[in-house]
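take this sequence and fold it.
(chains A, B and C)
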Amino acid sequence: MQLSKDDLLKAYRMMKTIREFEERLHVEFATGEIPGFVHLYAGEEASGTGICMHLDERDKIASNHRGHGHSIAKGCDVDAMMAEIYGRGSGLCAGKGGSMHIADLSKGMMGANGIVGGGPPLICGAGLAAKQLGTKGVAVAFFGDGASNQGTTMESLNLASVWNLPCIFVVENNGYAEATSSNYSVSCDDAADRAGAFNMPGVVVDGHDFFAVYEAAGEAVKRARDGSGPTLIECKLNRYYGHFEGDAQTYRGKDEVKNLRATIDCIDNFRDRVTSAKLVEKEELDTIDAEVGKIIDDSVDKAKSAPVPAASELTTDVYVSY
Amino acid sequence: MARNISYQQAIGEALAQEMERDQTVVIMGEDVAGGAGAPGEDDAWGGVLGVTKGLYGKFGDRVLDTPITESAFIGAAVGAATAGLRPVAELMFIDFMGVCFDQIFNQAAKFRYMFGGNAETPVVIRTMYGAGLRAAAQHSQCLYPVFTHIPGLKVVTPATPYDAKGLLIQAIRDNDPVIFCEHKSLYTLEGDVPEEAYTIPFGEANITREGDDVTIVTLGRMLHVAQEAADALSKDSINCEIVDLRTTSPIDTDTIIESVENTGRLVVLDESNPRCSIATDVSALVSQEAFDSLKAPIRMVTAPHVPVPFAENLEDLYIPDAEQVKQAVNMVMGK
Amino acid sequence: MSNSIQAICMPKWGLSMKEGTVAAWLVDEGDEISPGDEIMDVETEKISSAVEASESGILKQQVANEGETLPVGALLGVIGNADSSGEDINAFITEFQANYVPPADDEEDVGAATENLELEGRNIRYLKKGEGGSPLILVHGFGGDLNNWLFNHDALAGQHTVYALDLPGHGSSSKDVGEGTIVNMVEIISAFMNALELDKAHLIGHSLGGAIVLSMAITYPEKAASLTLIGSAGLGEEIDGDYLNGFIAAERRKDLKPHVEKLFSDPALVTRQLINDLLAFKRIDGVQHALEKVLASFAPNGKQSNILRDKLKDVSCPILVIWGANDRIIPASHARDLADNVKVEIIEGQGHMVQMEAATKINQLIDDATT
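Predicted coordinates for the structure are as follows:
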């Protein structure tokens, strides 16, 4: 399919921003300065990017605990995200949510979620709202192989199907749910196999291949906008880091991650393809690399020097009115 | 215009009037119409006890029957509320909250706070509670204390048809998540209800009877038990003041304290189980805020710490009655 | 049996009253009583007030006890004179009690339930009581309803056909007030009379209702048999803007109570139920907006805008102006120095709701003025 050069650069920038954001967090987290838990998306960029490239301001996404990539792909402000992860008052959620609850409803990002399987029902709701209000928007739930087993997910697939909702359910199957492999815990070989049980199309795509994801997503978005109902997309991919930062990943094979980085990295793949097809110049991508590097550096500096929320913020915004 | 209608009709009327007024109000739940996909009548049930009957005919696809998948459809109601709709979802029995509690207490209740004030979740979850219909342990509980505990939720427990209509309209117009608790034994209770739409603010208790001797704080169906006890006590020249909470979150602390400061004696009557109930909540509140006004220790009248039994005689023993309230009042009066 | 023995009975105040509680006797056995004297304080669900004597005589026996709750019509006490013997009194009581039937639970006064009319596309609730005699139309004031006249309906219905309506925006009438002007309200009253085929009626208005009926008499002189203006708007600039704004703004009982207390000379009349009923009214959809519109029209910025004082001299029908001397809402000074064709009665010790607190007196004055 044809992506314009602008689109190709946009996709690269998006993936690169996510990668740099996560890699930097990995380093910073190790210093002990970042509170709580973070769950890094590095390695999975093609999935979030390939799908979100089709979305606009009408559309909504809901994410999981590994939500930084989805947030960036949906257009959330990088500085505000970093500040949020650092627990500062200037954060995207005023420092009150943190990494696991990062959200920006104004951008249609309905939140990262600390509850596995928390997203799919919300996305049924967003799909229902789009349908009732006639916005022609679509709603995308991103979740993992672990969540694909959750009752909430199954129920949501069923509901989206019987109500014919404009929803897309994206299983980002990275082979591990926390420390347990999907081999063990998912009863079928492909999570996408379950789609048929809920009377919707299910496709498996190589989650390292931006273009494969982009194509599958394009069809699913079109289906949803046309009123033809939901789709399940399973992106088979890999995460480079642990379930959470601090996870030594001893459940993975020796050099497993090292090999993945060397052989199937989605950003390297993208770069190779677009440059060898002469769609984009190497220098243009290098420029983006440098710009992104600076943006991430700046965001960390800003976050580190931003003040924490005022003590009075403890009790604000529990209710609209009480 | 005032006329007598039932608690059930008052709720149905509130729903109909709000759906008429605001196109973004939608209803979803199991059998809220009934008959979906089946060859017989549309709107076959109108809710398991008929509260939503007739709405499907008026509002069509804004009345959505759901599969029996609470976590999905309650979660969908929550998600839809952040995306521009004002859903009124029905959790058929409050006892079913176990299968969708995450969507309520971890998602709906917390979005606004976790997202730094940048979220509004105007969802109403209507649900039936309470014993008396011999529906046994898994269909008869009073679980509003559990919701009351959660910051970010509002919890409403109307005791009369007038209150039910006004509080439900208020709930639908409220921009926070509201758990609207309907006592199933009150559905046939009739009362004076204006035809026009009206609201009742949350956090305003209703003093249904004034008296100087003892304050009875109560809610829901127990209001009527308190009134029965108060009538009997007045023959012994004990004048009870009855405070119907109407909402447990927010709770009208001022009215409770003002009343206790006047009477000096408190009995709290709550149909829920005793541990971590509204009875313990109000008692602790009053102990802390009005200790010096108390002339006697506070007495709580609640169900026992048991599941709701099936056998009729046992269920009747389970539910607090006027005699128990009388005994508690006599105790605080030192008789 | 001496026929100067009379019963004092539990009155019926308003349509829904079924019973009242004797709060306190205000006279002792053996005391002399004149008409209008307050004999006992009674509390009902809706309101607390005093039972006034309608006869003169001596209170011979207190039959009801303080704290007792009795149904409407029940015997409270017996009035006699110096000759009435103990035996006569006892016989009277025995006969009364033998014949007394308390009202049944679901009994409605025949013909006294409220009715509704569609006027100018809006629903108007009204009460009609009594038959024959000339028609009286009672028009309440800002924030009120036809029950502001609940101590007057029955008494006046003895000699007249009495109509009391809820103005638009009030009571159970439609909450659509149009532009909310006095002119709009006059049109409603005019349409009301036309619909009921009343060519002419005695127009009696309280507070804003006074300004409305006065305006009506000016606009439709052929429709006004007489005018009675009680604590009326329209006769001067001064009005308690704090009360008006406070009444509108108050959302909770605590906020509303101090304002409502200003209406009465005896704040004990302001029961919890009265406040609850007012809050329930204010919480009906459209009421806030209606009240704001009406206020903006007749008294913006704490001053009345529609002063008709100078037009009084041109009104040809008889005019009676009644005021409570201690009216805190509209000052009694507005009742002074009016045109020569106006009869004025200022009642000492009374406030804005004089037609409720001195009902016996007011009913007498209205009767005299309209018969």
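
C-alpha from now on. contacts and neighbour counts both.
OK.

list the residues that contact whichever residue of the stretch 201-350 of chain C sits closest to chain B.
For the stretch 201-350 of chain C and chain B, the shortest gap (Cα to the nearest Cα) falls at residue C:284, measuring 3.9 Å. Residue C:284 makes contact with B:196, B:197, B:198, B:199, according to Cα atoms under 8 Å, 6 or more residues apart in numbering or on different chains.

contact residues of chain C facing chain A?
Residues of chain C lying near chain A by Cα under 8 Å from any Cα of the partner chain: none.

middle-most residue in chain C, spatially?
For chain C, the residue nearest the mean C-alpha position is residue C:149 (2.4 Å; Cα atoms, centre = their mean).

contacting residues for that one?
With Cα under 8 Å, 6+ apart, residue C:149 has these contacts: C:138, C:140, C:164, C:355, C:356.

try it again at 7 Å.
Residue C:149 sits next to residue C:356 when contact means Cα atoms under 7 Å, 6 or more residues apart in numbering or on different chains.

which parts of the stretch 251-371 of chain C are strands?
Secondary structure of the stretch 251-371 of chain C, counting by DSSP state E, counting those that start in this stretch: strands at C:319-324, C:342-347.

hmm, who's touching the first one?
Among residues not part of strand C:319-324, those counted as contacts by Cα under 7 Å, 6+ apart are C:226-231, C:332, C:335, C:341-352, C:354.

what residue in the stretch 201-335 of chain B comes nearest to chain A?
Counting by Cα to the nearest Cα, the stretch 201-335 of chain B gets nearest chain A through residue B:250, at 6.6 Å.

what's the closest residue to that residue other than its chain neighbours sitting at in phi/psi?
Excluding its sequence neighbours, the residue lying closest to residue B:250 (Cα to Cα, 6 or more residues apart in numbering or on different chains) is residue B:203, at 4.8 Å. Backbone torsions of residue B:203, given as degrees, to the nearest 10, read phi 80, psi 20.

tell me the phi and psi of residue 213?
In the absence of a named chain, this looks at chain A. According to degrees, to the nearest 10, residue A:213 has phi -60, psi -50.

chain C was what I was after
Dihedral angles for residue C:213 - degrees, to the nearest 10 - are phi -70, psi -30.

and if you look at the one 5 residues further on?
Reported as degrees, to the nearest 10, the phi and psi values for residue C:218 are phi -80, psi -40.

any idea how far it is from residue C:228?
To residue C:228, residue C:218 is 14 Å away according to Cα to Cα, to the nearest Å.

more neighbours: which of the two?
Each of residue C:218 and residue C:228 has its neighbours counted (other Cα atoms under 10 Å in any protein chain shown); residue C:228 has more, 27 against 18.

SS state for that one?
strand (DSSP: H, G, I helix; E, B strand; the rest coil).

check contacts around whichever residue of the stretch 101-250 of chain B sits closest to chain C.
Here the stretch 101-250 of chain B gets closest to chain C at one residue, residue B:198, 3.9 Å apart by Cα to the nearest Cα. By Cα under 7 Å, 6+ apart, the contact set of residue B:198 is B:166, C:283, C:284, C:285.

taking the residues you listed one by one, which sit in helices?
Those of the contacts of residue B:198 mapping onto helices are residue B:166, per DSSP state H.

okay if I get the contacts of residue B:198 as TSV plus pLDDT and distance to residue B:56?
Shown next, in TSV, are those (pLDDT from 0 to 100; distance: Cα to Cα, whole Å):
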residue	pLDDT	distance to residue B:56
B:166	98	22
C:283	97	28
C:284	97	26
C:285	97	24
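
closest to chain A among the contacts of residue B:198?
residue B:166 (17.2 Å).

not counting its neighbours along the chain, what's nearest the closest one?
With Cα to Cα, 6+ apart, the residue lying closest to residue B:166 is residue B:199, at 4.2 Å.

residues from chain C in reach of chain B?
Contact residues, chain C versus chain B (Cα under 7 Å from any Cα of the partner chain): C:172, C:283, C:284, C:285.

now, the most widely separated pair of those residues?
The largest separation in those, counting by Cα to Cα, is between C:172 and C:283 at 12.5 Å.

who's more crowded, those two?
Neighbour tally, residue C:172 and residue C:283, criterion other Cα under 10 Å: the higher count belongs to residue C:172, 24 against 18.

need the CA coordinates for stretch A:25-42. PDB is fine.
C-alpha atoms of stretch A:25-42 as PDB (Å, rounded to 0.1, in the frame of the first residue of the first chain):
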ATOM      1  CA  LEU A  25      13.300   5.600  31.200                       C
ATOM      2  CA  HIS A  26      15.200   2.300  31.500                       C
ATOM      3  CA  VAL A  27      18.300   4.200  32.400                       C
ATOM      4  CA  GLU A  28      16.700   6.800  34.600                       C
ATOM      5  CA  PHE A  29      14.600   4.300  36.500                       C
ATOM      6  CA  ALA A  30      17.800   2.400  37.500                       C
ATOM      7  CA  THR A  31      19.000   5.500  39.300                       C
ATOM      8  CA  GLY A  32      16.000   5.100  41.700                       C
ATOM      9  CA  GLU A  33      14.600   8.600  41.000                       C
ATOM     10  CA  ILE A  34      11.400   7.400  39.400                       C
ATOM     11  CA  PRO A  35       8.700   6.400  41.800                       C
ATOM     12  CA  GLY A  36       6.600   3.300  41.600                       C
ATOM     13  CA  PHE A  37       6.400   0.900  38.600                       C
ATOM     14  CA  VAL A  38       7.100   1.400  34.900                       C
ATOM     15  CA  HIS A  39       6.400  -1.200  32.200                       C
ATOM     16  CA  LEU A  40       8.400  -0.500  29.100                       C
ATOM     17  CA  TYR A  41       7.200  -0.800  25.500                       C
ATOM     18  CA  ALA A  42      10.600  -0.900  23.800                       C
END
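
if you count neighbours, what's buried in that stretch?
A:25, A:26, A:29, A:34, A:37, A:38, A:39, A:40, A:41, A:42 (16 or more other Cα atoms under 10 Å in any protein chain shown).

give me the helices and strands touching whichever strand or helix holds the second one, please.
When secondary structure is defined by DSSP states H and E, residue A:26 falls within helix A:5-30. Under the contact criterion of 3 or more Cα pairs under 7 Å, 6 or more residues apart in numbering or on different chains; DSSP states H and E, helix A:5-30 touches helix A:45-52, helix A:68-73, helix A:282-305.

please identify the most buried of the ones you listed.
helix A:45-52 (a mean of 28; mean count of other Cα atoms under 10 Å in any protein chain shown).
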